[in-house]
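What follows is a predicted structure for the sequence shown.
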Amino acid sequence: MPIYRAPVDDYRFVLHELLELEKQRDLPGFAELEPDLIDDILTNAAKFCEQVLQPINQSGDEEGCHFENGVVRTPKGFKEAYEAYRQAGWGGLGAPAEFGGSDMPMLLTMAVNEMATSANQSFAMYPGLTGAAYSALIAVGAPWMKEHIVPKLIDGEWAGTMCLTEPGCGTDLRLMKTRAVEQQGGTYRMNGTKIFISGGDQDLTDNIIHMVIAKIPDADGCIRDDLSTVNFFMVPKFLVGEDGKMGARNGVSTGGIENKMGIKGQATCVLNFDDAVAWRLGPKPTLGEKRSASAGMAGMFGMMNVARLGVGMQGIAIGEVAYQNAMAYALERRVGQALTGPAEPDKPADLLIVHPDIKRMLLHCRSFVEGARAMAMWTTLNMSVAHSARPEAETAGHLADLMTPVIKAFFTDMGFEAANLAMQCYGGHGYIRDNGVEQFVRDGRINLLYEGANGVQAMDLVGRKLGRKGGAAPLALFGLIGGWLADNDNPALVAFAGPVKRGLDNLQQATLWLAQHGLANPNDAGAAAADYLQLMGVVVVGWMWARMAKLAQAKLAADPPNAQFYKDKLMCAKYWMERLIPECPMLLERISAGSATIMEFE
Ligand SMILES: Cc1cc2nc3c(=O)[nH]c(=O)nc-3n(C[C@H](O)[C@H](O)[C@H](O)COP(=O)(O)OP(=O)(O)OC[C@H]3O[C@@H](n4cnc5c(N)ncnc54)[C@H](O)[C@@H]3O)c2cc1C
């Protein structure tokens, strides 16, 4: 049976010591954030995830979801766990108090999401998109939706989904076929098919609020193959009146659930919209000469950015739980003897943990998980700063914008690699379902694909984020890391600052190369994008490790009872510098190779 212990101590280190949340009280939502309150939330979330969600993870995977007579049933135990989740108020943790939420900063909701995903990714995804749905309704919904629907979503009585994908369009939304035609009275009738909809149907909530994108036909009734007529809609499973009363079943039905590689406890649905009543969100679009996506779509893109960060956290979550299980196995399984002679001569063999290759794999996972967690929390803090009155608000917004695709793609790539390495530590036993580690590989694989496949995240980074506002975001990042390196140019930190400096040089050279070549030949940018995203991830996580190493050095002497915690931090930091930062010159070389050979491939 797999194990999971939520990383409460590590979160306390990142939030209190690295990010010093106590000094951030001026930020929106941080005023009441006493250290004890943070610790209580983390500890209670840990208990819930370990005791309620984790025990039904493996059984949920074995049983999967059921689809009979058009109705979806979740695996045994999910309904009770959802009710407990709801009663504890976890779904409203980050929601505004005026709608019934607890108004906690996004940092804490991300931390709780990580724990829930490690414990049970399939389950965590049911309420996962509800947060995105109520945020979008708060941003662009009508007043009656805010009054009657948002509180029910926050309470968890109802759930939300996000419906973009269709059989003919995933990445390329221009090709969407679902259409919505305006009716008298201002609502719309929607027709079309959406596929791969997470939590598209389930037996956990009384109603489901689908957030759907669809095209409004032109005056001539035509649907265009561009984004100009794409709009954002709310389509409830059961109709909701403007007085909040739930009515008859809407024209949305479940066509089936997907038979998938992983997250089998999560119902991934085909949804058919047959004259479904839909409410368009945001101001009415004008169909002028100059066409652009509607204002309501801004609400959807906002929802997707937060969802992308959330998927990045799923990468960390899978890496964490896979690592914990591999470590436990390495401390109980006896195979071979230490290369330097038997560590326990009275035993038939030594523990797996004596072998350098096993230690390498474990340390690889751990240095990723803890470094990535620090970077994700730093980015989330930047999002809060971006919404504050601080002078650095604009720069913080640029940084968060730049980091979002890196977190989504680099962390899910690395989280999947960590799950694979964890499985490798088990040898053949890792391939056997009973041991549970192969589930992490299967579950974690989806994170690289949905919410914008990782290749598309790389294109977003290189094609949009780098150049926006004259390169303000990368310039801010380079300035910040460069400034830290200059301030910490001392012998005690050279083992950490030196490698980060080399990585930063490589990243700046790669950025210059892209600026010189990417515009002239877009294929050069496209061929370099994935490597560039990885390079940025390695350098920024490296910088986080250098900052954490500095803290750990200071705390090692000042806090003897916790010396082992800080020694482990220094070990992981050194591993990143010795084993990951050397990838930077290699990535730079690959980036500057250009696209000629790749494009010759017919
Ligand atoms: C289990 C699961 C759950 C999901 N949940 C949801 C959900 O809740 N809601 C929802 O709307 N969707 C959901 N999806 C859909 C998911 O977001 C899409 O599958 C994903 O965005 C990719 O779209 P696609 O599958 O059509 O791939 P395609 O768009 O066909 O892309 C195929 C490949 O080509 C690459 N590619 C495409 N365009 C470019 C380009 N311009 N440059 C470089 N590379 C490119 C992509 O990176 C990808 O590797 C889910 C999918 C799965 C499997």
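That came through fine.

Please name the nearest non-neighbouring residue to the residue positioned nearest the centre of the chain.
What sits nearest the mean C-alpha location of the chain, by Cα atoms, centre = their mean, is Val311, with 2.0 Å. In this structure, Val311 finds its nearest non-sequential neighbour in Glu451, 4.5 Å apart by Cβ to Cβ, 6 or more residues apart in numbering. For every residue, glycine as well, the C-beta is placed using N, CA and C.

Low-confidence bits of the protein, can you list those?
Residue ranges of the chain with pLDDT under 70: 285-296, 299.

Near the ligand, which residues of it are found?
Proximity of the chain to the ligand, by Cβ under 6 Å from any ligand atom, involves residues 162-165, 170-172, 196-198, 260, 268, 446, 449-453, 455-456, 459.

Can you tell me which of those are buried?
Buried subset of the residues of the chain next to the ligand (neighbour count, 16 or more other Cβ atoms under 10 Å): 162-165, 170, 196-198, 260, 268, 446, 450-452, 455-456, 459.

Pretty sure Pro167 sits against Phe196.
No - using Cβ atoms under 8 Å, Pro167 is not in contact with Phe196; the gap is 9.5 Å.

Can you tell me which of the buried ones among the residues of the chain next to the ligand end up in strands?
Per DSSP state E, strands hold the following members of these: Met162, Cys163, Phe196, Ile197, Ser198, Thr268.

who touches the third one in this structure?
The neighbours of Phe196, taking Cβ atoms under 8 Å, 6 or more residues apart in numbering as the test, are Thr165, Gly170, Glu258, Thr268, Cys269, Tyr450.

Let me have those in JSON lines, extended by distance to Asn523.
Below are those laid out as JSON lines (distance: Cβ to Cβ, whole Å):
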{"residue": "Thr165", "distance to Asn523": "27"}
{"residue": "Gly170", "distance to Asn523": "22"}
{"residue": "Glu258", "distance to Asn523": "34"}
{"residue": "Thr268", "distance to Asn523": "34"}
{"residue": "Cys269", "distance to Asn523": "37"}
{"residue": "Tyr450", "distance to Asn523": "26"}
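
Now for those: which two are most distant?
Gly170 and Cys269 (15.3 Å; Cβ to Cβ).

wait, what's in contact with the residue nearest to Val311?
Taking Cβ under 8 Å, 6+ apart, we find Glu451 in contact with Met304, Ala307, Arg308, Gly310, Val311, Lys408.

Without its sequence neighbours, what residue ends up closest to the closest residue to the ligand within the stretch 201-350 of the chain?
Using Cβ to the nearest ligand atom, the closest approach of the stretch 201-350 of the chain to the ligand is made by Thr268 at 4.4 Å. In this structure, Thr268 finds its nearest non-sequential neighbour in Glu258, 4.3 Å apart by Cβ to Cβ, 6+ apart.

ranges for the helices of the stretch 401-550 of the chain?
Secondary structure of the stretch 401-550 of the chain (DSSP state H, counting those that start in this stretch): helices at 437-445, 454-460, 468-487, 494-517, 522-558.

do the stretch 151-300 of the chain as well
Ranges of helices in the stretch 151-300 of the chain, per DSSP H, counting those that start in this stretch, are 296-330.

Just the strands from it, written as ranges.
Ranges of strands in the stretch 151-300 of the chain, per DSSP state E, counting those that start in this stretch, are 158-163, 179-182, 188-198, 207-215, 230-236, 238-240, 246-249, 252-257, 268-280.

so which of those comes closest to Ala389?
Among the strands of the stretch 151-300 of the chain, the nearest to Ala389 by Cβ to Cβ is strand 230-236 (29.6 Å).

Relative to the closest one, what are the paired strands and their orientations?
strand 207-215 (antiparallel), strand 268-280 (antiparallel) (DSSP bridges).

quick one, which of those is packed in tightest?
strand 207-215 (a mean of 25; mean count of other Cβ atoms under 10 Å).

quick check: angle from that one to strand 188-198?
Orientation check (axes from the mean of the first three to the mean of the last three Cα atoms, to 10 degrees): strand 207-215 against strand 188-198 gives 110 degrees.

Quick one: distance of strand 207-215 to the chain centre.
Relative to the centre of its chain, strand 207-215 is centred 21 Å away, using Cα atoms, centre = their mean, to the nearest Å.

so it versus strand 158-163, what angle?
Interaxial angle of strand 207-215 relative to strand 158-163 (the same axes, to 10 degrees): 20 degrees.

can you tell me which residues contact Arg502?
Contact partners of Arg502, counting by Cβ under 8 Å, 6+ apart, are Ile581, Cys584, Pro585.

what's around the last one, how many residues?
Right, Pro585. 15 (other Cβ atoms under 10 Å).

just the first one next, same as before
Under the neighbour criterion other Cβ under 10 Å, Ile581 is assigned a count of 23.

picking up where we left off before, report the beta-bridge partners for the residue of the stretch 201-350 of the chain closest to the ligand.
Thr268 has these beta-bridge partners by DSSP bridges: Ser198.

residue contacts, Cys365?
Gly319, Ala322, Tyr323, Ala326, Ala418, Leu421, Ala422.

Which strand or helix spans it?
helix 356-386 (DSSP states H and E).

which of the residues in that helix are buried?
358, 361-386.

In the chain, what residue comes closest to the ligand?
Residue of the chain nearest the ligand, by Cβ to the nearest ligand atom: Gly170 (1.9 Å).

ok, that residue - contacts?
Leu164, Phe196, Ala453.

count of neighbours near the nearest residue to Thr43 once chain neighbours are set aside?
What sits nearest to Thr43 in space, not counting adjacent residues and going by Cβ to Cβ, 6+ apart, is Val8, at 5.9 Å. As a burial measure, Val8 scores 17 neighbours (other Cβ under 10 Å).

I'd say Val8 and Ala46 touch.
Yes - contact between Val8 and Ala46 holds when scored by Cβ under 8 Å: they sit 5.0 Å apart.

any shared contact partners between the two?
Joint contacts of Val8 and Ala46 (Cβ under 8 Å, 6+ apart) do not exist.

can you redo the helices of the stretch 401-550 of the chain as JSON lines with distance to Ala278?
JSON lines is the format used below for the helices of the stretch 401-550 of the chain (distance: least, Cβ to Cβ, whole Å):
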{"stretch": "helix 437-445", "distance to Ala278": "33"}
{"stretch": "helix 454-460", "distance to Ala278": "27"}
{"stretch": "helix 468-487", "distance to Ala278": "33"}
{"stretch": "helix 494-517", "distance to Ala278": "41"}
{"stretch": "helix 522-558", "distance to Ala278": "36"}
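
So which of these is the most surrounded?
Of the helices of the stretch 401-550 of the chain, helix 437-445 is the most buried (mean count of other Cβ under 10 Å), at a mean of 24.

Look up phi and psi at Asn250.
Backbone torsions of Asn250, given as degrees, to the nearest 10, read phi -80, psi 170.

Relative to Tyr4, how far out is it?
38 Å (Cβ to Cβ, to the nearest Å).

Okay, the residue of the chain most remote from its centre and Arg334: tell me how far apart.
For the chain, the largest distance from the centre (Cα atoms, centre = their mean) belongs to Asp346, which lies 46.9 Å off. Look at Asp346 and Arg334: by Cβ to Cβ, they are 12 Å apart.

what does Ile209 give?
Taking Cβ to Cβ, one finds Ile209 at 53 Å from Arg334.

cool, Gln314 as well?
34 Å.

out of those two, which sits in the busier spot?
More crowded of Gln314 and Arg334, by other Cβ under 10 Å: Gln314, with 29 against 13.

Who are the contact partners of that one?
Taking Cβ under 8 Å, 6+ apart as the test, what Gln314 contacts is Asn113, Glu114, Thr117, Gln121, Ala124, Thr412, Gly415, Gly444, Asn447.

try 10 Å this time
Shown here is Gln314, whose contacts under the criterion Cβ atoms under 10 Å, 6 or more residues apart in numbering are 113-114, 116-118, 121, 124-125, 128, 263, 408, 411-412, 415, 443-444, 446-447, 450-451.
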